[in-house]
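Engineer: Could you work out the structure for the sequence below:
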Amino acid sequence: MKKETIMLVQGSWKNVSAIAPQAAELFYQNLFAADPSLKPLFRGNMAEQGKKLMQMIGAAVGKLNDLETLVARVDERTKPPPPSAKSKKSQIQTVSF
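Structural biologist: Just a heads-up that it's a prediction; the model follows:
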């Protein structure tokens, strides 16, 4: 990514982060309008969810100068947790012959 592009994105993000609660609310309104089937996936306090979204985007935008670290952190957060003994047990199916 070019330094000029990074500067533009980071500058724009400062404007968005100044209205973070409204931006998050608008994001989710548009997301659910585009695909209403996603709404049940989001339970709980949407204001808190929006806050987390804005924090995550802010962290990513802040690391655009260090893409290697950014990609490593995203990979860390997107890997599923290792299966626990309980979840392994629930995956076992009984088969009758």
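Engineer: Show me which helix runs longest in the protein.
Structural biologist: Counting by DSSP state H, the longest helix found in the chain is helix 46-62.
Engineer: Roughly how far does L26 sit from M54?
Structural biologist: 11 Å (C-beta to C-beta, to the nearest Å). (C-beta placed from N, C-alpha, C; glycine too.)
Engineer: which of these two has more neighbours?
Structural biologist: It is M54, of L26 and M54, that has more neighbours when counted by other C-beta atoms under 10 Å, with 19 against 12.
Engineer: Just give the nearest non-adjacent residue to that one, would you?
Structural biologist: The spatial neighbour of M54 that comes closest, neighbours along the chain excluded (C-beta to C-beta, 6 or more residues apart in numbering), is A20 at 4.2 Å.
Engineer: Surely the one you found and K52 touch.
Structural biologist: No: with contact defined as C-beta atoms under 8 Å, A20 does not count as touching K52 (10.8 Å).
Engineer: Between those two, which is the more surrounded one?
Structural biologist: Neighbour tally, A20 and K52, criterion other C-beta under 10 Å: the higher count belongs to A20, 16 against 10.
Engineer: Do a quick rundown of the helices in the protein.
Structural biologist: Under DSSP H, the chain gives helices at 3-17, 20-34, 46-62, 67-78, 85-91.
Engineer: which parts of the first one are buried?
Structural biologist: The reference is to helix 3-17. Neighbour-count burial for helix 3-17, with 16 or more other C-beta atoms under 10 Å as criterion, is recorded at 13, 16.
Engineer: give the contact list for Y28.
Structural biologist: Listed by C-beta atoms under 8 Å, 6 or more residues apart in numbering, the contact set of Y28 reads 42, 46, 49-50.
Engineer: weakest of the helices of the chain in terms of mean pLDDT?
Structural biologist: For the helices of the chain, mean pLDDT drops lowest on helix 85-91, to a mean of 54.
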